[in-house]
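K.L.:
only geometry, no sequence info:
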């Protein structure tokens with residue numbers, strides 16, 4: 001199933017895909033099963049261009065008409081007997097929405113009796129095996145291919161095979177359809193199908209054909225890629241006289257039709273979707289009388305198709321008048337007029353224009369003027385910060401293009417003056433860096449290689465009133481390198497303000513080590529609990545708990561601390 005889903009999504013044009021999705025959504029809301037059927041599946045598998053969309057729904061499609069019109073799909077024709085709708089989707093996509101039905105023929109060529117049926121019964125009543133396939137578009141089975149008559153095998157063999165022995169007798173229009181499809185695909189009829197075809201032709205089954213079937217076949221001829229080749233094949237088998245007794249290949253404008261096909265392809269390459277069927281019928285019946293043309297127009301079921309055919313010359317004349325008016329005095333004015341015109345009118349006027357000025361404008365519109373867009377965007381736009389992110393960017397490009405067409409943006413100064421009103425304000429300056437210590441600076445200061453800076457910070461943040469446990473924070477700011485953990489107490493003595501710095505420097509390391517525990521022993525319990533400010537210096541944090549435990553054992557050292565200053569004073573006096 002996934003392969004057919006991928007084929008459907010890649011082979012359908014974007015406009016066709018959108019149209020199918022619209023109908024699919026409407027059918028889903030109505031609770032109806034929808035299938036892609038007939039020639040669409042055939043062209044999908046063969047890889048040939050998909051010209052129109054055939055859809056079948058298990059239910060009455062006439063009930064969906066209002067919802068389809070609300071969705072933007074034009075209903076061009078309604079067949080009450082067959083319960084089918086002829087649709088024109090956005091992008092000039094032709095489609096047909098049919099009821100899944102079974103048909104019973106009482107007499108050859110007479111309209112059949114229609115009864116609602118399942119999708120399998122609907123496929124059984126069709127003409128050829130290559131047209132008797134369906135692809136599910138329903139949520140539970142999306143992409144499921146139904147091929148009860150093995151049409152894929154006939155596509156691979158490139159043959160046309162009827163479904164049953166009475167196919168040409170029940171509906172003689174299938175004789176003309178067999179010739180048309182064989183000429184289009186260059187596929188021969190299967191051996192037994194050819195025998196039945198010759199027998200039906202010999203027994204003159206074609207005289208039972210109905211006018212409604214002829215009208216549908218006339219319209220299909222107009223949508224062929226090469227209508228002249230199909231007309232020659234029909235004329236060879238004698239079927240062209242059945243479509244109309246006064247019609248022949250000689251009464252068609254073959255050369256103009258050939259130019260129209262080439263120009264239609266060129267416009268398609270430029271992105272224009274042209275409905276060329278009415279114009280093709282105009283050239284195919286160019287040399288016929290008005291009476292004969294009117295008879296053919298009455299037989300075609302799609303009235304919208306006929307109205308476009310009738311108004312081709314009138315619409316082209318109106319477009320020619322606009323191109324010679326004051327509004328088209330400038331190149332940009334002519335561009336606007338042609339941009340707003342219908343692609344079908346542009347194509348038809350390009351083939352039938354008699355005024356050289358109009359013909360030249362049409363050629364420039366399809367060629368020379370489009371090359372001017374290659375100069376956009378200007379290099380100055382990037383320098384002035386006019387980029388695609390701006391909401392008015394498309395509008396700026398359109399205005400610049402029109403000015404270029406009129407030759408008003410030639411120099412650099414003209415371009416800058418045009419773009420200056422659209423220049424956005426300059427971006428705001430970057431924010432100033434925040435003052436204060438950043439995380440990187442704080443990490444660098446707390447590193448082991450910078451003890452002096454690290455000592456200053458805890459000293460300020462860790463100050464506490466006298467009598468509190470302030471000794472451990474002071475011990476963190478030791479000037480002694482962290483590589484000598486055995487002398488942290490001497491640094492604590494040097495920092496304390498009670499003793500002068502010069503005397504502490506003269507004291508021996510042994511005496512300093514004995515004096516510090518004596519002071520710390522006054523309140524031995526406090527330093528162990530309140531050592532939070534010493535977190536920044538990991539090297540001074542570990543020795544503190546060990547000294548607090550040893551403090552109670554050296555309590556008698558208080559006398560030595562008190563006697564040492566007196567001994568020093570006596571020594572100085574003797575000197």
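P.N.:
Alright, I've got the coordinates. All values reported here derive from a predicted model rather than from experimental measurement.
K.L.:
separation between residue 103 and residue 81?
P.N.:
Distance, residue 103 to residue 81, by CB to CB, to the nearest Å: 11 Å. Every residue, glycine included, has its C-beta placed from N, CA and C.
K.L.:
More neighbours: which of the two?
P.N.:
Using other CB atoms under 10 Å as the criterion, residue 103 and residue 81 rank with residue 103 on top: 18 against 9.
K.L.:
okay, now the closest residue to residue 126 other than its chain neighbours: neighbour count?
P.N.:
Closest residue in space to residue 126, ignoring its immediate chain neighbours: residue 132 at 4.4 Å, by CB to CB, 6 or more residues apart in numbering. Residue 132 has 26 neighbours, counted by other CB under 10 Å.
K.L.:
Check what pLDDT residue 132 gets.
P.N.:
With respect to pLDDT, residue 132 has a value of 95.
K.L.:
Was I right to think it contacts residue 162?
P.N.:
No - judged on CB atoms under 8 Å, residue 132 makes no contact with residue 162 at a distance of 10.1 Å.
K.L.:
Report the mean per-residue pLDDT for the host helix or strand of residue 8.
P.N.:
According to DSSP states H and E, residue 8 maps onto helix 2-11. Helix 2-11 shows a mean pLDDT of 80.
K.L.:
Which residues belonging to it are considered buried?
P.N.:
Within helix 2-11, the residues that count as buried by 16 or more other CB atoms under 10 Å are 4, 7-8, 11.
K.L.:
repeat for stretch 355-367
P.N.:
Quick answer for stretch 355-367 (16+ other CB under 10 Å): 358-359, 361-362, 364-366.
K.L.:
same question, stretch 158-165
P.N.:
159-163.
K.L.:
Would you format the residues you listed as CSV with distance to residue 90 included?
P.N.:
Shown next, in CSV, are the buried residues of stretch 158-165 (distance: CB to CB, whole Å):
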residue, distance to residue 90
159, 37
160, 33
161, 36
162, 36
163, 35
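K.L.:
Span of stretch 70-81 from start to end?
P.N.:
24 Å (CA to CA, to the nearest Å).
K.L.:
List of residues touching it?
P.N.:
With CB atoms under 8 Å, 6 or more residues apart in numbering as the test, stretch 70-81 has contacts from 19, 22-23, 26, 62, 65, 68-69, 84-90, 111, 114, 301-305.
K.L.:
Which ones among these lie within strands?
P.N.:
Among these, DSSP state E puts 84-89, 114 in strands.
K.L.:
Give me the buried subset of the residues you listed.
P.N.:
84-89.
K.L.:
For stretch 35-53, which outside residues touch it?
P.N.:
Contacts of stretch 35-53 (CB under 8 Å, 6+ apart): 4, 7-8, 11-13, 16, 19-20, 54-57, 89, 93-96, 98, 100, 119, 122-123, 126, 130-131, 133-137, 145-146, 151-152, 155, 185, 223, 225.
K.L.:
Go again with 7 Å.
P.N.:
Here stretch 35-53 makes contact (CB atoms under 7 Å, 6 or more residues apart in numbering) with 7-8, 11-12, 16, 19-20, 54-56, 93-95, 119, 130-131, 133-137, 152, 155, 223.
K.L.:
Residue 173 and residue 217 touch, don't they?
P.N.:
Yes - in this structure residue 173 lies within contact range of residue 217 using CB atoms under 7 Å: 6.1 Å.
K.L.:
Can you pull the poorly scored residue ranges out of the chain?
P.N.:
Low-confidence segments of the chain (pLDDT under 70): 1-2, 109, 436-575.
K.L.:
Spatially nearest residue to the most centrally placed residue in it (excluding sequence neighbours)?
P.N.:
Centroid-nearest residue in the chain, with CA atoms, centre = their mean: residue 14, separated by 11.1 Å. In this structure, residue 14 finds its nearest non-sequential neighbour in residue 91, 7.7 Å apart by CB to CB, 6+ apart.
K.L.:
now swap in residue 295 and tell me
P.N.:
residue 244 (6.9 Å).
K.L.:
hang on, that neighbour packs against residue 294?
P.N.:
No - assessed by CB under 7 Å, residue 244 is found out of contact with residue 294, at 11.2 Å.
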